[in-house]
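In: Dropping the sequence and predicted coords here.
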Amino acid sequence: MSPLEPPTARRVAVIGGSRVPFARSDGPYATASNREMLTAALDGLVERYDLQAPGAVGEFVAGAVLKHSRDFNLARETVLGSRLDARTPAYDVQQACGTGLQAVVAAANKIALGQTESAVAGGADTASDAPLGVNDALRKVLLEARRAKSPGARLRALAKVRPGHLVPDVPRNAEPRTHLSMGEHAAATARAWSSARLSTSVTPGAPLSREAQDDLAATSHRRLAAAYERGLFQDLVVPFRGLVRDQNLRPDSTVEKLAALKPVFGLDHPDPTMTAGNSTPLTDGAAVVLLASEEWAAARGLEPLAYLAASETAAVDFVHGDVAGGEDGLLMAPAYAVPRMLERAGLGVEDFDLIEIHEAFASQVLATLAAWEKRGLAPVDRARLNVAGSSLATGHPFAATGARIVATLAKLLAERDAPGRGLISICAAGGQGVTAILERP
Ligand SMILES: CC(=O)SCCNC(=O)CCNC(=O)[C@H](O)C(C)(C)COP(=O)(O)OP(=O)(O)OC[C@H]1O[C@@H](n2cnc3c(N)ncnc32)[C@H](O)[C@@H]1OP(=O)(O)O
């Protein structure tokens, strides 16, 4: 028997995106689950691209960072409650804040290899509906009670419950080994890069200054507001629970206003620079992207916005390296992923019309830019960076951010109505980075 020939890779088109407006946690989506938000985003896409028919979508790939055990396969549970055909296979991925982009890459690779013709990928997260666990002591008692062979034995087991057992196990926005929050890690990285050279900073002498961070945040709000204003998100955002645009957006967020906010991270060092204004807020939301082969798109008369041309992941050893931060801080893996991806593609950052860096914190974006320059990449032209705003303005529902960025960038490339290339860089908890290239030939 002759072996199957290895398939030739095909181009993967980004057809469109759909997301709910992002909401600040404990706000309008406080009672919405990941599944409900993801279903709303998915149904938006199903409706817009007429995907109800059986087999229209080959697979749904999605994930959440904070996930209830009842959503053991959130993607499949979402399909079953959505307008997508119930016979659509679905599975979860999880790579912290890189989840949404990793879901896109996983789905795209199957399309590229001819294993499916179309897929939807994305993610959702809610810090409002975070899963609370029972603490270990109570878990032992409850399991003992469940195993009890008689009502008496069950009662004896339950009688062991003490008030202290009722303290819930709350998921923390902290690194499990260092016990430091993401913000504290970013503050340590900002210190490590504070004397870095950065050609394009508003404060060239001190690229990670408070002023430079606030400027980045104000720019993000200003550009997101302008993008809403000119209708960029008209076919990308579906209204949900009374919101029509991202709740965190403050068009009036000026550098002067941001300068008045008090620092919240890195307070154990002189001159802390990170505030609620130049950090992302805890956010609830969901986003998805429709991907397909060129043949699938052509058969439906759909014009691809752009193509997923490359992707890369990297991880830094922040555990054995510099645990608290340093050059290889927790959120610095894109400093390795992007140069590697560009080398493989034979491109430089100057070859990109648009660059999207997920804004976990302004300081982390600036440290990433400095690291790229240090590793020999050309300075990033700020006029091409996050041109429609990014996470500082939209907010950051962890697993949704990748799909938000892919859909926004694809739309921005299509808008230009000319050949173009866009770069995506996303840092993730766990010391990981997920990056990608979109292209419009
Ligand atoms: C890989 C990754 O992505 S890692 C990133 C993961 N995400 C995180 O770690 C989330 C980090 N963020 C947080 O933990 C929280 O949002 C914090 C600690 C930064 C801030 O929390 P809070 O103090 O609750 O923020 P809050 O929204 O109340 O803002 C504080 C103040 O700043 C003001 N403010 C916030 N943003 C702005 C802005 N853009 N412009 C003007 N004022 C602002 C608020 O109005 C508020 O003012 P008030 O005290 O007068 O009401």
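Out: Nice, I can see it. Residues are numbered from 1 along each chain as shown.

In: use CA for all of it now, contacts and neighbours both
Out: Noted.

In: Show the residue spans covered by the strands in the stretch 1-150 of the chain.
Out: Per DSSP state E, counting those that start in this stretch, the stretch 1-150 of the chain carries strands over the ranges 12-19, 23-24, 59-62, 90-92, 118-125.

In: export these to JSON lines and tack on mean pLDDT and distance to the ligand?
Out: Listed next are the strands of the stretch 1-150 of the chain as JSON lines, based on pLDDT from 0 to 100; distance: least, C-alpha to the nearest ligand atom, whole Å:
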{"stretch": "strand 12-19", "mean pLDDT": "98", "distance to the ligand": "18"}
{"stretch": "strand 23-24", "mean pLDDT": "98", "distance to the ligand": "8"}
{"stretch": "strand 59-62", "mean pLDDT": "98", "distance to the ligand": "17"}
{"stretch": "strand 90-92", "mean pLDDT": "98", "distance to the ligand": "19"}
{"stretch": "strand 118-125", "mean pLDDT": "98", "distance to the ligand": "11"}
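
In: Just say which of those is most tucked in.
Out: strand 118-125 (a mean of 32; mean count of other C-alpha atoms under 10 Å).

In: what's the spacing between that strand and its chain's center?
Out: On the basis of C-alpha atoms, centre = their mean, to the nearest Å, strand 118-125 sits 11 Å off its chain's mean C-alpha point.

In: Give me the sheet partners of it and which way each runs.
Out: strand 59-62 (parallel), strand 283-293 (antiparallel) (DSSP bridges).

In: per-residue confidence for residue 44?
Out: At residue 44, the model reports a pLDDT of 98.

In: before we move on, what about residue 322?
Out: Looking at residue 322, the pLDDT reads 61.

In: out of the strands of the stretch 1-150 of the chain, nearest to residue 384?
Out: Among those, the nearest to residue 384 by C-alpha to C-alpha is strand 12-19 (20.6 Å).

In: and that closest one, how far out from the chain's middle?
Out: 16 Å.

In: got it, and stretch 267-279?
Out: 23 Å.

In: returning to that earlier point: export the strands of the stretch 1-150 of the chain to JSON lines and append columns for distance to residue 352.
Out: What follows is the strands of the stretch 1-150 of the chain, written out as JSON lines (distance: least, C-alpha to C-alpha, whole Å):
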{"stretch": "strand 12-19", "distance to residue 352": "18"}
{"stretch": "strand 23-24", "distance to residue 352": "31"}
{"stretch": "strand 59-62", "distance to residue 352": "28"}
{"stretch": "strand 90-92", "distance to residue 352": "31"}
{"stretch": "strand 118-125", "distance to residue 352": "24"}
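
In: of these, which approaches residue 273 most closely?
Out: strand 23-24 (22.4 Å).

In: partners of that closest one, with directions?
Out: Strand 23-24 is paired, per DSSP bridges, with strand 283-293 (antiparallel).

In: Next, the angle strand 12-19 makes with the strand it pairs with.
Out: Note on geometry: by axes from the mean of the first three to the mean of the last three C-alpha atoms, to 10 degrees, strand 283-293 and strand 12-19 are set 150 degrees apart in direction.

In: is strand 283-293 anywhere near the ligand?
Out: No - figure legend: strand 283-293 not in contact with the ligand (C-alpha under 6 Å from any ligand atom); closest approach 8.1 Å.

In: Name the next helix or strand downstream of that strand, please.
Out: Sequence-wise, the next helix or strand downstream of strand 283-293 (DSSP states H and E) is helix 294-299.

In: distance between that following helix and the chain's centre?
Out: 28 Å.

In: got the contact list for the helix or strand that that helix is followed by?
Out: Sequence-wise, the next helix or strand downstream of helix 294-299 (DSSP H and E) is strand 306-315. Under the criterion C-alpha atoms under 8 Å, 6 or more residues apart in numbering, residues 11-15, 105, 108, 333-334, 336-338, 340-341, 345, 410-411, 413-414, 430-441 lie in contact with strand 306-315.
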